[in-house]
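Asker: Pasting the sequence and the predicted coordinates here, then a few questions.
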Amino acid sequence: MDPIRVLIVDDEAELVTALEERLNLRGFEASGVTTGAEALALLGDEPFDVVLLDLKMPGLGGLEVIRRIKEERPGLQVILLTGWGSEEDAKKGQALGAYDYLMKPVKISELVRVLLSACDRQEEGE
Amino acid sequence: MEEDQDQLISRRRYRKMVVIAAASVSAVAVVPLVIMSGITYHQYQEIIRAELTRPMQRFVSAGKLSMESFLSERLSALAMATRENSFEELRQAGKLASLLTNFNETFGGVIDLGVIDEEGTLVAYAGPERLQAVSYANDQWFREVIARGVYVSDVFLGYRNFPHSVIAVQHHAADGQPYVLRATIDTDAFHWLVRARTDRRPEQDPVCRRCHSLGLQPFSDAFILNRDGVLQSSSQLYGEPLQSNPLPELPPSSEPNLLEVVDVGGEEVIVCYAQIERSPFILVALSPRMALHAGWLPLRRDLLAFPAISIALILAVVFWGSIYVVSRLREADAKRAALYHKMEYTNKMAAIGRLGAGVAHEINNPLSIIIQNAGLLKDLITLHDGLPPREKMIQLVDSVLNASERCGGITHRLLGFARHMEVQWETINLDVLLREVLEFLGKEATYRNIQIEFKFPDLPPPIVSDRGQLQQVFLNIINNAFAAVADGGQIEIGIEQVGQAVAVTIADNGVGIPEEHLEHIFDPFFTTKKGAGTGLGLSITYGIVQKLGGQISVESKVGEGTCFTVILPIRRAHV
C-alpha cells in the first residue's frame, strides 16, 4: 500500500521538521512548509493525501488556506491544528470542510489516528 | 500608612465641607434676621422712649402756659389797681386792705400788698405783718422794677420763713413820679401746678385745676427751678424749695426741651423743661432713666429672646443638616469607592483571564516543539537499534532547550506582570513599558498583519508612576485598538512631552466610534461588544489614569479611526 502523503503547514519550523520526521518514522510520507503561500504552491505541484494545517500563521492564515484548498481540491482532507481558546476558529474551519481539528500540543498517537481515519485506513498493527 | 493619611485628608475634607456648608447657610439665614431684629429693637426703643417722654413734654408745655397765665393774671390785677386808683388813694390803709380782700376773693394766694414811693420807702401796707416805713431803695428788686416796670422775684423765705414770691408793677403818679405796687404771693400754688398728685387740692384756683388733669407717670417728678438752678418748689426727688441745686445748668429754652443729664445724686435722668416768660422760673418734668428701663426691660428681653432662640434653632438645624448631608455624601462616596474597587477587581480578573489566555496561547507553540522533538528523540532511540547519530541528538536536544527557554521567557514576563499588580511608585520609561505591553500582543499583531509604529521624536522623559496600573491602562487601550482595526490595520503609538506631563497617543485606523457613543465611552458598563465585554475596561482605565494624576481623552471618526490620548504627570501625583 502506498504511504500516506502528508503536508505539514506551521509557522514554527522546528515543529514542522520534528513532526515530519516522526510521521516518516511511522510510515507516512510527510513534507513541511512554514507559510500558507508555500503550502498552496506545493499543493499545486505535488499530490498529497492530507494536509495538517496550523490556524494561526502570519501572512496567509489557516482559514484562508483551507478555503482556497477546498476551492481548488475539494477532495483533499485537511486536519487543523489549533491553540487553546481558538476553538471558534476551528469550528469555522470545519464549516469550510476540515476533517477534524487537534488541540496543541498534540500527541503523536492521536495525530496518527486522525490522519489514518482521515484517509480511511486502519492503523497498522491494530 | 499612606491609606491612613488619605483617610485623614478625606476626613478633614468632609469636616471642611460641613463647616463651609453650615457657615454659608447660617450666614444667609442669620444675617437678615439680625438686621431685622436690630431695626425692630431700635424702633421699639424709640417708641418706649417717646411713650415716656411725651407726657413729660405735654406736661411742660401745658404747665408753662398755666404758670405764665397765673403770673400774668396777678400782674394784670396789680396794673389794673394802679390804673384805677391814684397814688394817694392807694396810700390810704383802708383802700389797700380792701384791694387785698378783693384779690384773694378773685384768685387767692395773695399774702400782702405794699405801695413804695420813688424813694424806695414803703408808704402803705396791707397784710399780716406790721411793716411801716421800710426802705427798699437799695434792694435789687426795687431797682429792677423801676427800670423795667414789672418784676417777678425768685421764691424766698423772707421775714415770714415761708416760701413766697414777690411780684411788682411800676406806675406813674399824677405828678409824674413813679411808684411801685407790690404783692407777695404764696408759691404753694406752684406745688399744685407742678405736683398734680398732691393731697392738697387747689380747688380755688382755676389755673391749677386745669393743670391738675395733666398727669405724669408715677415715677416722674416735676418742679420749678430759677435761672440759677435753685429748686423753687418742693420735689419728690429733691425735697423742699431753696434746699438744693439738683440739676446741672440747662441751656435756655422757651419751648419744651428734652435732655438727658446726670443729677446731683449722680443718677441719669431725662428732663423736659421750658422757661416761664417774664419770670426767673424754669418748669421741669423729670424721669429717672431707670424708669424708662423698667418699661423697656421686659420688652427688650422678648425682643432679644426671639432672635436669639431663632438663631440658636437655625444654627442647630443648619449644623445638623450639614452634618447629615455631608455624612450621606461621605457614605455615597464610600459606596462609590467600594464599587470602584470592585469594578477594578473585576477588571483585574478579566485582565488576568485575558493574560492567561494569551500566555497559554504563547506557550503552546514552544511546548509543541518540545514535545515533538523529545518525542522524535525517543522515536529514534526506540524504533532503531542503537543510538541515533550524535549530531542528530544534539540538534534535537538544542531544539528542546531553545523552546524551553522561550517558555521560560513567557513565564518570566508573566511573573513580572503579576508582581506589578501591587501599587507601587517607581521611575518608568514609557517606551520600554509600551514595548513590554506590546510583547503580549505581538503574536496577534503578527498573525493579523497589524502594523505597529512607534513615534518618539526624542527620548521621552522617565515618569514616576505605577508600572502595573499603567500596563493595565495601555493593555486595555491597545486591546481595544486591536479589536477596532481590520487585519492589516495600523496602530500608531506616540510619546510626547507636554510641559510637566507626558502625552501617550494610541491611534488606530479602525472602525471608529460613533459620536453618540463617544461621550459614554468611559461610563461603567457601557459596551458595544454585545455579550463579549463587561463594559468596564475603559471606565477602569479612566479611573486608574485619574488615580495616577493623569487625564485620558478620546477622539474618533467612524470609518477613519480612533485616537486615545493619555496624559501622565512626570512627577508623582498627589491625589
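Answerer: Cool, got the structure.
Asker: Could you use CA atoms for every contact and neighbour count after this?
Answerer: Will do.
Asker: pLDDT at the closest residue to chain B within chain A, what is it?
Answerer: Residue nearest to chain B within chain A: residue A:58 (4.1 Å; CA to the nearest CA). The score at residue A:58 is 77. That number is its pLDDT.
Asker: What count of nearby residues applies to residue B:560?
Answerer: 12 (other CA atoms under 10 Å in any protein chain shown).
Asker: ok, and the closest non-adjacent residue to residue 49?
Answerer: Defaulting to chain A. Leaving aside its sequence neighbours, residue A:49 sits nearest to residue A:5 (CA to CA, 6 or more residues apart in numbering or on different chains; 5.1 Å).
Asker: that answer is for a different chain, and I need it for chain B
Answerer: residue B:292 (6.8 Å).
Asker: mind checking the backbone torsions on residue B:460?
Answerer: phi -70, psi 140 (degrees, to the nearest 10).
Asker: again with residue A:113
Answerer: phi -60, psi -50.
Asker: Then residue B:259?
Answerer: For residue B:259, the backbone dihedrals are phi -150, psi 150 (criterion: degrees, to the nearest 10).
Asker: what about it, distance to residue B:62?
Answerer: Distance of residue B:259 to residue B:62, given as CA to CA, to the nearest Å: 18 Å.
Asker: More neighbours: those two, which one.
Answerer: Using other CA under 10 Å, the more surrounded residue of residue B:259 and residue B:62 is residue B:62, with 16 against 13.
Asker: near chain B, which residues of chain A show up?
Answerer: A:12, A:14-15, A:18-19, A:21-22, A:25, A:56-59, A:61, A:83-85, A:104-106, A:108 (CA under 8 Å from any CA of the partner chain).
Asker: Tally up the residues packed near the closest residue in space to residue A:4 that isn't next to it in sequence, please.
Answerer: Of all residues beyond its chain neighbours, the one nearest residue A:4 is residue A:28 (5.1 Å), with distances taken as CA to CA, 6+ apart. Counted with other CA under 10 Å, residues neighbouring residue A:28 total 19.
Asker: Residue B:424 now?
Answerer: Look at residue B:424: counted by other CA under 10 Å, it has 12 neighbours.
Asker: Tell me if I'm right that residue A:9 and residue A:33 touch.
Answerer: Yes. Applying CA atoms under 8 Å, one finds residue A:9 in contact with residue A:33, separated by 5.1 Å.
Asker: rewinding a little: and the residue nearest to residue A:4, how far is that from residue A:3?
Answerer: The value you get for residue A:28 to residue A:3, if CA to CA is used, is 5 Å.
Asker: now swap in residue A:73 and tell me
Answerer: From residue A:73 over to residue A:3 (counting by CA to CA), the distance is 20 Å.
Asker: any idea which helix is longest in chain A?
Answerer: Ranked by residue count, the top helix of chain A under DSSP state H comes out as helix A:13-25.
Asker: Output the contacting helices and strands for the helix or strand that that helix is followed by.
Answerer: On the C-terminal side of helix A:13-25, the closest following helix or strand by DSSP states H and E is strand A:29-33. In terms of contacts (3 or more CA pairs under 8 Å, 6 or more residues apart in numbering or on different chains; DSSP states H and E), strand A:29-33 is packed against strand A:5-9, helix A:13-25.
Asker: Which elements pack onto the longest helix of chain A?
Answerer: If you count contacts as 3+ CA pairs under 8 Å, 6+ apart, helix A:13-25 packs onto strand A:5-9, strand A:29-33, helix B:289-383.
Asker: Please identify the most buried of the ones you listed.
Answerer: Ranked by mean neighbour count under mean count of other CA atoms under 10 Å in any protein chain shown, these are led by strand A:5-9, which reaches a mean of 24.
Asker: by contact count, what packs against it?
Answerer: helix A:13-25, strand A:29-33, helix A:36-45, strand A:50-54.
Asker: quick one on the thing from earlier: compare the helices and strands packed on helix A:13-25 and give me the one nearest residue B:488.
Answerer: Closest approach to residue B:488 among those (CA to CA): helix B:289-383, 20.3 Å.
Asker: and the angle from the closest one to helix A:13-25?
Answerer: 40 degrees (axes from the mean of the first three to the mean of the last three CA atoms, to 10 degrees).
Asker: on contacts alone, who are the packing partners of the lowest-mean-pLDDT helix or strand in chain A?
Answerer: Scoring the helices and strands of chain A by mean pLDDT, DSSP states H and E places helix A:87-95 at the bottom, with a mean of 86. Counting contacts by 3+ CA pairs under 8 Å, 6+ apart, helix A:87-95 packs against helix A:62-72, strand A:77-82, strand A:100-103.
Asker: tell me which residues of the first one are tucked away?
Answerer: Buried residues in helix A:62-72, counting neighbours by 16 or more other CA atoms under 10 Å in any protein chain shown, are found at A:62, A:63, A:65, A:66, A:67, A:69, A:70.
Asker: tell me the mean pLDDT for that helix?
Answerer: Mean predicted confidence for helix A:62-72 is 90.
Asker: who's in contact with the residue in chain B positioned nearest to chain A?
Answerer: Using CA to the nearest CA, residue B:447 is the residue of chain B that sits closest to chain A, at 4.1 Å. With CA atoms under 8 Å, 6 or more residues apart in numbering or on different chains as the criterion, the residues that contact residue B:447 are A:56, A:57, A:58, A:59, A:61.
Asker: at 10 Å what do you get?
Answerer: Residue B:447 makes contacts with A:55, A:56, A:57, A:58, A:59, A:60, A:61, B:487, B:488, as judged by CA atoms under 10 Å, 6 or more residues apart in numbering or on different chains.
Asker: Over to residue B:298?
Answerer: Contacts of residue B:298 by CA under 10 Å, 6+ apart are residue B:304.
Asker: My read is that residue B:173 contacts residue B:115, right?
Answerer: No. Using CA atoms under 10 Å, residue B:173 is not in contact with residue B:115; the gap is 11.8 Å.
Asker: what about the two, which has more around it?
Answerer: More crowded of residue B:173 and residue B:115, by other CA under 10 Å: residue B:115, with 25 against 18.
Asker: My assumption is that the more buried one lies in a strand; please confirm.
Answerer: Yes. Residue B:115 forms part of a strand when assessed by DSSP: H, G, I helix; E, B strand; the rest coil.
Asker: how about it, what does it touch?
Answerer: Applying CA under 10 Å, 6+ apart, the residues contacting residue B:115 are B:82, B:87, B:90-92, B:96, B:121-126, B:168, B:170, B:179-183.
Asker: again, only this time at 8 Å
Answerer: If you count contacts by CA under 8 Å, 6+ apart, then residue B:115 has B:90, B:91, B:122, B:123, B:124, B:125, B:179, B:180, B:181, B:182 around it.
Asker: what does residue B:26 give?
Answerer: Residues B:314, B:315, B:318 are the ones in contact with residue B:26 under the rule CA under 8 Å, 6+ apart.
Asker: Residue B:486 in helix, strand or coil?
Answerer: coil.
Asker: Skip the chain neighbours and tell me the closest residue to it.
Answerer: Excluding the flanking residues, the one nearest residue B:486 by CA to CA, 6+ apart is residue B:510, at 6.5 Å.
Asker: The one you found against residue B:557, yeah?
Answerer: No. The criterion here is CA under 8 Å, and residue B:510 misses it with residue B:557 at 9.4 Å.
Asker: the more surrounded of the two?
Answerer: residue B:510 (25 against 16).
Asker: In terms of pLDDT, where does the more buried one sit?
Answerer: You'll see residue B:510 listed with a pLDDT of 88.
Asker: SS state for it?
Answerer: Recorded secondary structure, residue B:510: coil (three-state DSSP).
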